[in-house]
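Engineer: Take a look and give me a structure for this.
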Amino acid sequence: MGEERRLRVLLVDDEPDMIALLQAVVLAECWEIVGRATSGSDALRVAEQIEPDVAIVDYRMPGMNGLEVAARLKSMWPEIVNVMFSAMEVGAAAQSSGSVDRFIRKGDLTVLRQVLDQVNQQYLGRS
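Structural biologist: Residues are numbered from 1 along each chain as shown. Below is the predicted model of the structure:
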């Protein structure tokens, strides 16, 4: 029997403390962090190399905002699940964009865990 596939996650935030927090949540739940990026252009470069299942993206970053990053990721991989994790009041715009699958207010780690569990169930067939 082969090793069970884990959800491949890209973390995108320009704040090192937030990347560390997201990393702790993702690793605690046994998902695989396949990349980290601190800007939109960096996120796209990293994503091309790793092809993530999920991108957790902040809205406000240098050079390119999270909506632009999510749209570019979705055009590259239509099946990617883009989760915008932001303190900015952009939830409605994010979800109406068509490229963001879920919006979560920064700091709501319980909802983030629930979303990642839903993705596991939907895309990998397990909880």
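Engineer: And stretch 106-126, what's buried?
Structural biologist: 106, 112, 115-116, 119-120 (16 or more other CB atoms under 10 Å). Every C-beta, even on glycine, is put in place using the N, C-alpha and C of the backbone.
Engineer: Among those residues, which ones are in strands?
Structural biologist: Using DSSP state E, no member of the buried residues of stretch 106-126 falls within strands.
Engineer: In helices, which of those residues appear?
Structural biologist: 112, 115-116, 119 (DSSP state H).
Engineer: Which of the residues you listed sits closest to Ala47?
Structural biologist: The closest of those to Ala47 turns out to be Val119 (CB to CB; 16.4 Å).
Engineer: That closest one reaches Asp53, doesn't it?
Structural biologist: Yes. Counting by CB atoms under 8 Å, Val119 touches Asp53, with 7.1 Å between them.
Engineer: can you list residues touching both of the two?
Structural biologist: 7, 81 (CB atoms under 8 Å, 6 or more residues apart in numbering).
Engineer: now the helices for this structure?
Structural biologist: 16-28, 40-50, 66-76, 91-96, 109-119.
Engineer: For the last one, what is the distance to the chain centroid?
Structural biologist: Its chain's average C-alpha position is 11 Å from that of helix 109-119, according to CA atoms, centre = their mean, to the nearest Å.
Engineer: Next, the angle helix 16-28 makes with that helix.
Structural biologist: Here helix 109-119 points in a direction 50 degrees away from that of helix 16-28 (axes from the mean of the first three to the mean of the last three CA atoms, to 10 degrees).
Engineer: helices or strands next to helix 109-119 in the packing?
Structural biologist: helix 16-28, strand 54-57, strand 81-86, strand 102-105 (3 or more CB pairs under 8 Å, 6 or more residues apart in numbering; DSSP states H and E).
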